[in-house]
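Trainee: Quick one: sequence and predicted model below, then my questions.
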Amino acid sequence: MKNGLLDRRLRINIIGQTMPLPTWRWNSGVLRDYDLIIVLDGLGTYTHRDDAWGVGAGSCMLFRRGESYSGRQDPVHPLAMNFIHFDVLDRERRPAEFPLEELLPLHFKVERLDFVSELVQCAMRAHRLPRLERERGEAELWLRALLLELWRQAQRPRWQGAAREQAARVESLCAEIRATIGKAWRLEDIAARLGCGPEHAGRLFRRFRGVSPGEFVVQVRVEAARTLLGASSLGIGQIAETLGYCDVYAFSRQFKARTGLSPRAYRGH
């Protein structure tokens, strides 16, 4: 990507989010476009030629056009993923290849899954606009921002030593929070899981996730609410209860504060 991406036109072909399905398996066939995948939850294994690698929450993959891939998951921990199929266009707006030096790694781990997921959601909302509004290219602008952020994260030095162990503990706890989304997580509970005091737990989350523990819990709930509003027939009150809210109005306030829309308006968007 570097500076070259800023001069390139992108076109989103398909964008969406998969729901966890224990029977899911995938064989891509020969891809006709680029396929960006970001794992939100679950465990699985992907294969390309003779290379196989495990994936979990925060795994990011950019599959190349013209190549074939396969994926399978742990049926006990099914995968939930964001995916974006897109093309890079030449001056005649025909699909073209990325220069090798501009590509993301085939697979790597993102450090700020919450922020990356928000960029994906922005692109997804813009791609849902009526066709005439989509022509303005807002969704592609969000995709460009996402790719640039992923490029920065992929190039950033990885944590080492004690920081690496701390980052792993925080990431493990984040996965637990996503898996028990309806639980009333308190700062004391989070600190106990990390084996430290509440103040230090707050510092660790801000260092490795960029937000406070409480804000991370809210972000996970809002992310799950988006999925449930778009892919289920549950009522607003049922969704609020599923996500651990005792008050549907508190849920609505937090959702609107972070998305700009009420749950009802988001569902009808």
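Mentor: Sure thing, it's come through.
Trainee: Mean pLDDT per helix and strand in this protein: which one sits at the bottom?
Mentor: Ranked by mean pLDDT, DSSP states H and E, the helix or strand of the chain with the weakest confidence is helix 131-134, at a mean of 75.
Trainee: got a list of contacts for it?
Mentor: A126, H127 (CB atoms under 8 Å, 6 or more residues apart in numbering). Where C-beta positions appear, they are placed from N, C-alpha and C, glycine not excepted.
Trainee: Flag every buried residue along the very next helix or strand once past it.
Mentor: Elements were assigned by DSSP states H and E; along the chain past helix 131-134, the next helix or strand is helix 138-155. Buried residues in helix 138-155, counting neighbours by 16 or more other CB atoms under 10 Å, are found at E138, A139, E140, W142, L143, R144, L146, L147, L150, W151, Q153, A154.
Trainee: And stretch 54-71, by the same measure?
Mentor: 55-65, 69, 71.
Trainee: I'd like these written out as CSV, with distance to Q238 added.
Mentor: Below are these laid out as CSV (distance: CB to CB, whole Å):
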residue, distance to Q238
V55, 31
G56, 29
A57, 25
G58, 29
S59, 31
C60, 32
M61, 34
L62, 37
F63, 36
R64, 42
R65, 41
Y69, 37
G71, 32
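Trainee: between those, which is nearest R125?
Mentor: Set against R125, the nearest of the buried residues of stretch 54-71 by CB to CB is C60 (20.5 Å).
Trainee: Going by secondary structure, the closest one is in what exactly?
Mentor: Going by DSSP H and E, C60 is part of strand 59-63.
Trainee: Make sure A167 is actually in contact with F208.
Mentor: Yes. In this structure, A167 is within contact of F208 by CB atoms under 8 Å, at 4.9 Å.
Trainee: For the closest residue in space to Y46 that isn't next to it in sequence, name its beta-bridge partners.
Mentor: In this structure, Y46 finds its nearest non-sequential neighbour in G71, 4.6 Å apart by CB to CB, 6 or more residues apart in numbering. Per DSSP bridges, the residues bridged to G71 are W26, Y46.
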